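> generate coordinates for the sequence data below:
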Amino acid sequence: MQHFLKWISALKFNLISFVGIICIFNLIAFQSPLLSYALSVSDLNSLDGLIQILSLEILQICLLAGSLFFLSGLSISIMKWVVVILFVCNAFGLYFMISYGIEIDRSMIANVINTDSREASELLHISVIVPAFFLGLLPSFFVISVNVNGPRRIWRFGYAIGSILILIAWIAMTSFTMLWFDSHASRMGGKILPWSYVVNTARYFNRSAMDNRQQTLLPEAHFLSEKSTHKEIVVLVIGEAARASNFSSLGYQRDTNPFTKEDRLAVFPIGLSCSTNTLSSAACILTHEGRQAPSRTKFEPLPSYLTRHGVKTIYLTNNSGPPPVKVDVYQTIKNISENCTDTICPTGKHDDTLVWKLKKLLAQENSDRVFVTLHLTGSHGPAYYKKYPPGFEHFSPVCKTVQIAKCTQQELINAYDNTIRFTDSVISDLIAQLRKLEETKSTMIYVSDHGQSLGENGYYLHGAPIAIAPPEQRQIPFLVWMSDKFKQSKNLTNADIITKKTYPHDFPFHSVMGAFDMRSEIYKPRFDIFNIDNGGS
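Alright, predicted model coming up:
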């Protein structure tokens, strides 16, 4: 080993050779998902198809070489450490792309950054050690150990410019391939390592900087009745990764909704998410703009709007990624568990803990109007088997690994269906608590943030670019429960509020306003399911 280390440290490369080795290794080691896709959409029996693939490789070589030459102009050491970081990140990126069939676009970066430590740990498996070592750490050791002799700085920057000029010249000569690149850019962009995460991380933080601007207050609102004859409670339940196709109440062959069968739910045909990641979808659900928001809205979200107008607001979450909200009570599931002083306390792992806490809060609440947001962990993958208590493993055998691609399709579906069944139990328990408040006008709206892929066409989890997202990632359940007092006050039945074929994320914001008889210039009756006289449904 000592002789090997001496041999490595004695190796010397000129700058061009070193950069060339790095570029070739990057192509060989980290481009299999990209190349696999590119080959599937190219005609290799034609000259055009061959040039398309060649252009893709030249694009990667020139971009990486140009970047490394530029960094070497700053410092050879800086260049080498950047390569180390890229190799390690590439190794992890490749592992997740192959294991879960994901693409590293801006939505996926948002998922990664906004995933809490518990969710992140569920994604890791001991098998990640192999690519991390052989494709990340071992090549990094080589990069750090070898000697690189660079010419004068002016030449290093010249090499960088030369690399870009070569790329420009090649593009000019093969401009006919641009249509092919344009047609497949949304798919290939999320597969190019390292540019997929480098560019999309920059895009994410740029968007976050815009999002962190001071929120613009929505216009003043009023209530049709200043004081209700009955206490009003509206609960918005935001599910996680629940797809409509696995709800028996929507026609699924398995009984995944046994607990709410007798709860007289209004089951809407199909909900449609405006995104495939939690961060964007949660913001979309809570904004008055809905799908029309150009990016995560700069306007204050629904809970903040209600708080400002005197509604008691409660936000309980077992998830991550909510927009900045100003509410009266905000607690995470961890807070709930740690602050419990009862003789018997919840474990703080599963969604039923949120209902347990809400029961206590509502028992102490005297406000006339109360708005509650429950943000579930629901069916968040890939560790589906951890999203429900052991007693809820109704369908078996289940996939009990985060390497879900290695499970049988039936094991994966069994585990996922158990999460849907447990969510159904949580919803039923919530309704039971609301039903006990007999003199209260209460309603519950349940909508998932997005759907989930379970291996269809090689897709797993969620986060696909919205333009190509499969229906499994966008079609979601949309459920509503209304108390007898609520129905009487609005003269509604379940059948009255269900008349459309699809219900996008535009509906929750305006329906909550409608439930409270709250009006302002941003209120859109066509998106209020309770306002049937004015096109609300």
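> all the helices of the stretch 151-300 of the chain, residue numbers only.
For the stretch 151-300 of the chain, the helices defined by DSSP state H, counting those that start in this stretch cover 153-173, 178-188, 195-211, 278-285.
> would you format the ones you listed as JSON lines with mean neighbour count and mean pLDDT included?
All C-beta atoms are positioned from the backbone trio N, CA, C, and that covers glycine. Below are the helices of the stretch 151-300 of the chain laid out as JSON lines (neighbours: other C-beta atoms under 10 Å; pLDDT from 0 to 100):
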{"stretch": "helix 153-173", "mean neighbour count": "15", "mean pLDDT": "94"}
{"stretch": "helix 178-188", "mean neighbour count": "15", "mean pLDDT": "77"}
{"stretch": "helix 195-211", "mean neighbour count": "16", "mean pLDDT": "81"}
{"stretch": "helix 278-285", "mean neighbour count": "26", "mean pLDDT": "88"}
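> how close does the closest residue to residue 228 other than its chain neighbours get to residue 421?
Using C-beta to C-beta, 6 or more residues apart in numbering and skipping the chain neighbours, the partner closest in space to residue 228 is residue 368 (5.9 Å). From residue 368 across to residue 421, the span is 36 Å (C-beta to C-beta, to the nearest Å).
> do residue 252 as well
Separation of residue 252 from residue 421 (C-beta to C-beta): 11 Å.
> more neighbours: the two, which one.
residue 421 (22 against 16; other C-beta atoms under 10 Å).
> now do the contacts for that one.
Contacts for residue 421 (C-beta atoms under 8 Å, 6 or more residues apart in numbering) come out as 256, 257, 258, 259, 388, 392, 394, 395.
> in ChimeraX, how would I select the buried members of those?
Remark: buried members of the contacts of residue 421, expressed as a ChimeraX selection using 16 or more other C-beta atoms under 10 Å:
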select :256,257,259,388,392,394,395
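> pLDDT weak spots in this structure?
1-10, 115-124, 179, 182-183, 207, 210-213, 293-297, 321-322, 534-537 (pLDDT under 70).
> what's the closest non-adjacent residue to residue 430?
residue 355 (5.0 Å).
> these two touch, right, that neighbour and residue 426?
Yes: Residue 355 lies in contact with residue 426 (C-beta atoms under 8 Å); the separation is 6.0 Å.
> so what sits against both of these two?
Common contacts of residue 355 and residue 426 (C-beta under 8 Å, 6+ apart): none found.
> return the distance of residue 243 relative to residue 385.
Per C-beta to C-beta, residue 243 is found 18 Å from residue 385.
> more crowded one of the two?
residue 243 (29 against 21).
> OK, contacts around that one?
379, 448, 451, 452, 472, 473, 475, 476, 477.
> can you give me phi and psi for it?
phi -100, psi 140 (degrees, to the nearest 10).
> what of residue 313?
Dihedral angles for residue 313 - degrees, to the nearest 10 - are phi -120, psi 140.
> can you name the residues bridging to it?
Under the criterion DSSP bridges, residue 313 forms beta bridges with residue 371.
> wait, it sits on residue 302?
No: Residue 313 is beyond contact range of residue 302, at 9.1 Å (criterion: C-beta under 8 Å).
> shared neighbours, the two?
residue 371.
> all the strands of the stretch 251-400 of the chain, in order from the start?
266-267, 271-272, 312-317, 329-332, 369-375 (DSSP state E, counting those that start in this stretch).
> want to throw these into TSV with mean neighbour count and distance to residue 409?
Output for the strands of the stretch 251-400 of the chain, formatted as TSV (neighbours: other C-beta atoms under 10 Å; distance: least, C-beta to C-beta, whole Å):
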stretch	mean neighbour count	distance to residue 409
strand 266-267	18	27
strand 271-272	24	25
strand 312-317	22	32
strand 329-332	17	34
strand 369-375	25	29
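> export those strands to a markdown table and append columns for distance to residue 402.
As requested, these are arranged in a markdown table below (distance: least, C-beta to C-beta, whole Å):
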| stretch | distance to residue 402 |
| --- | --- |
| strand 266-267 | 32 |
| strand 271-272 | 27 |
| strand 312-317 | 23 |
| strand 329-332 | 23 |
| strand 369-375 | 22 |
